[in-house]
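Asks: all I have is the shape, not the residue letters:
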């Protein structure tokens, strides 16, 4: 499958519900308009989507990590841990 970029979280929920299990991995931010990433993950889980989710976010904290993990995220990676390479 090729990369799919969806314009809003609500469109992503509908797309994922219609394509159950087709993507190998969904990578998204936690802070988004309309719905945060953790709520998006919870919503698609309620609709039967079991694809792996990962978060790359600037909102990295032990609480955020715990919420993402509890919701079923495969990983949460804070941008504060990323470093630019020369």
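Replies: Cool, the structure landed. Please read all numbers here as calculations on a predicted model, not as lab measurements.
Asks: going forward, measure contacts between C-alpha atoms and count neighbours the same way
Replies: Fine.
Asks: so who does the residue nearest the centre of the chain touch?
Replies: For the chain, the residue whose C-alpha lies nearest the mean C-alpha position (Cα atoms, centre = their mean) is residue 28; its distance is 4.0 Å. The contact partners of residue 28, taken as Cα atoms under 8 Å, 6 or more residues apart in numbering, are 37, 53, 54, 55, 56, 57.
Asks: for residue 75, give me phi and psi.
Replies: Note on residue 75: backbone dihedrals following degrees, to the nearest 10 are phi -160, psi 160.
Asks: once you drop chain neighbours, what's closest to it?
Replies: The spatially closest residue to residue 75, leaving aside those adjacent along the chain, is residue 54, at 4.7 Å (Cα to Cα, 6 or more residues apart in numbering).
Asks: quick one, what contacts the one you found?
Replies: Applying Cα under 8 Å, 6+ apart to residue 54 gives the contacts 25, 26, 27, 28, 73, 74, 75, 76, 77.
Asks: repeat that for residue 71.
Replies: 38, 41, 42.
Asks: I'm done for today, thanks for sticking with me.
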